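# I would like the atomic coordinates for the input below:
(one chain, ligands or ions: 1)
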Amino acid sequence: MSKENIAGKKIATKMIHAGAEPDPSTGAIMTPIFQTSTYVQSAPGKHQGYEYARSQNPTRAALENALATIENGKFGLAFSSGVAATDAVIKLLSPGDEVIAANDMYGGTYRLFTKVFERFGIHFKYVDTTNPENVSNAITPKSKLIWIETPTNPLMNITDIASVAAISKKAGTILCVDNTFASPYLQNPLDLGADIVMHSSTKYLGGHSDVIQGALIMNDVNLKDQLYFIQKSCGAVPGPFDCFLVLRGIKTLHVRMKAHCENGIIIANYLRNHPKVERVYWCGFEDHHNYEIAKKQMRGFGGMLSFTLKDASVEAATKVLSSTKLFSLAESLGGVESLINHPASMTHASIPREERLKNGLTDGLIRLSIGIEDADDLVEDLKQAIG
Ligand SMILES: *Cc1c(COP(=O)(O)O)cnc(C)c1O
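The predicted structure follows:
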């Protein structure tokens with residue numbers, strides 16, 4: 001269905017029909033995997049809109065349209081990974097520019113900022129964005145970009161997107177929101193005033209732990225032109241088969257997310273009432289410090305949570321991490337199967353220990369990506385693992 005026709009439809013309809021148009025050459029209902037590097041021209045410069053596959057590919061174009069539709073944006077761009085999408089956003093900047101970034105975010109984002117882009121003369125200031133005042137206090141005339149993640153990985157902190165967007169507008173900066181944890185089913189940052197939405201499509205968009213990919217979605221045509229120029233000039237594009245997989249994943253995003261949310265509620269409450277559990281980090285608890293904002297800007301609380309044991313030792317956490325049978329010990333998240341992870345040694349090992357501890361990411365923290373298996377079986381698995 002064309003982007004114009006689908007824009008006013010309800011969410012489930014959008015997920016299924018976004019980007020999907022019958023293939024003009026055959027009528028194939030599913031966008032084919034255009035496994036080609038180049039396109040034949042009938043005369044020099046005379047072509048059908050496709051010249052070379054780093055610049056354009058029909059499978060990728062279908063996915064990029066789908067991404068725009070499901071995030072309520074005008075334009076979508078797909079990248080070879082989530083960090084490649086982040087990398088493209090930072091390449092909008094020049095040496096001397098400053099970024100205000102959240103102090104609690106995906107370890108790979110922090111690594112890219114500090115270990116790669118600092119060397120190119122871009123400066124990063126890390127602040128606790130859960131209080132938007134910290135963002136406005138950090139802004140200087142050199143600030144060009146604000147980078148937030150909400151809910152955060154792995155502490156499930158919530159930042160008020162609309163408030164930070166208002167601050168960003170006033171300062172004339174670009175606000176980019178990493179929306180990976182919520183997915184477009186639960187949260188649409190562009191509707192709240194953000195300029196760019198970033199996704200690791202590897203997670204909920206793909207949904208089946210079988211692809212690495214990233215995405216950017218935006219409304220402003222100038223931003224789109226600049227980011228498209230970076231996408232084609234730097235070349236971090238996804239292959240057509242990977243685009244096909246994410247397109248296919250998006251068709252069931254709403255069904256999967258509903259199930260992730262239902263299981264999330266059950267597991268969060270089970271863990272909270274467990275005598276050996278010290279604290280559960282989940283933004284769906286009414287006493288979560290930013291619950292009201294989460295409720296306002298999200299349609300549900302998703303399938304991600306973290307917890308600590310009363311025995312805060314690494315040994316106690318390791319025992320749980322090694323004992324689950326349904327929850328597989330692995331990095332990543334957002335797939336249909338449940339995963340368990342130790343941020344301090346796995347996903348967030350690239351953040352120095354002192355930095356991690358300052359932000360509350362302790363050595364004993366355990367993160368769960370709750371899949372869509374039967375909740376009874378998941379509870380049973382945690383029960384035997386925690387003991
Ligand atoms: C995984 C992840 C990324 C990085 O994406 P890749 O696809 O692994 O490159 C960025 N942000 C968040 C929140 C993530 O979970």
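# show me the contacts for Glu262.
Glu262 makes contacts with Ala375, as judged by Cβ atoms under 8 Å, 6 or more residues apart in numbering. For every residue, glycine as well, the C-beta is placed using N, CA and C.
# Now it: which helix or strand?
Secondary structure assignment for Glu262, by DSSP states H and E: helix 253-272.
# With Asp381 instead?
With DSSP H and E as the criterion, Asp381 is inside helix 375-386.
# could you dump that helix to PDB, C-alpha only?
Below are the C-alpha coordinates for helix 375-386, written out as PDB (Å, rounded to 0.1, in the frame of the first residue of the first chain):
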ATOM      1  CA  ALA A 375       5.000 -17.100  30.800                       C
ATOM      2  CA  ASP A 376       4.500 -20.100  33.100                       C
ATOM      3  CA  ASP A 377       7.500 -21.800  31.600                       C
ATOM      4  CA  LEU A 378       9.600 -18.600  31.900                       C
ATOM      5  CA  VAL A 379       8.600 -18.100  35.500                       C
ATOM      6  CA  GLU A 380       9.400 -21.800  36.200                       C
ATOM      7  CA  ASP A 381      12.900 -21.300  34.600                       C
ATOM      8  CA  LEU A 382      13.700 -18.300  36.700                       C
ATOM      9  CA  LYS A 383      12.400 -20.000  39.900                       C
ATOM     10  CA  GLN A 384      14.800 -23.000  39.500                       C
ATOM     11  CA  ALA A 385      17.700 -20.700  38.500                       C
ATOM     12  CA  ILE A 386      17.400 -18.200  41.400                       C
END
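# Hey, what's the angle from that helix to helix 253-272? Just curious.
Orientation check (axes from the mean of the first three to the mean of the last three Cα atoms, to 10 degrees): helix 375-386 against helix 253-272 gives 40 degrees.
# Show me what helix 375-386 packs onto, helices and strands only.
Using 3 or more Cβ pairs under 8 Å, 6 or more residues apart in numbering; DSSP states H and E as the contact criterion, the neighbours of helix 375-386 among helices and strands are helix 253-272, helix 314-323.
# re the thing from before, tell me which other helices or strands the next helix or strand after the helix holding Glu262 touches.
Per DSSP H and E, the first helix or strand lying C-terminal to helix 253-272 is strand 277-281. Of the remaining helices and strands, those touching strand 277-281 by 3+ Cβ pairs under 8 Å, 6+ apart are helix 253-272, strand 304-309.
# Indicate which one of those is closest to Gly108.
Using Cβ to Cβ as the criterion, the shortest distance between Gly108 and these is 16.2 Å, found for strand 304-309.
# touching the ligand at all, that closest one?
No: judged by Cβ under 6 Å from any ligand atom, strand 304-309 stays clear of the ligand, getting no closer than 9.0 Å.
# Near Ser328, how many other residues are there?
Applying the criterion other Cβ atoms under 10 Å, we find 15 residues in the vicinity of Ser328.
# The residue nearest to it when sequence neighbours are not counted: what's it in contact with?
Of all residues not flanking Ser328 in the chain, Leu339 sits nearest, at 5.5 Å (Cβ to Cβ, 6 or more residues apart in numbering). If you count contacts by Cβ under 8 Å, 6+ apart, Leu339 has them with 327-333, 368-369, 371.
# can you do 6 Å?
By Cβ atoms under 6 Å, 6 or more residues apart in numbering, the residues touching Leu339 are 328, 330, 369.
# Restricted to strands, list these.
For these, membership in strands holds for 328, 369, with DSSP state E as the criterion.
# pLDDT score for Met1?
We have a pLDDT of 69 for Met1.
# One more: the one 3 residues further on?
The pLDDT attached to Glu4 in the predicted structure is 73.
# Am I right that it sits in a helix?
Yes: according to DSSP: H, G, I helix; E, B strand; the rest coil, Glu4 belongs to a helix.
# neighbours around it, how many?
The tally of other residues near Glu4 (other Cβ under 10 Å) stands at 7.
# And for Gly264?
By other Cβ under 10 Å, the residues close to Gly264 number 24.
# how close does the closest residue to it other than its chain neighbours get to the ligand?
For Gly264, ignoring the flanking residues on the chain, the nearest one in space by Cβ to Cβ, 6+ apart is Gly303 at 4.6 Å. When distance is defined by Cβ to the nearest ligand atom, to the nearest Å, Gly303 is 13 Å away from the ligand.
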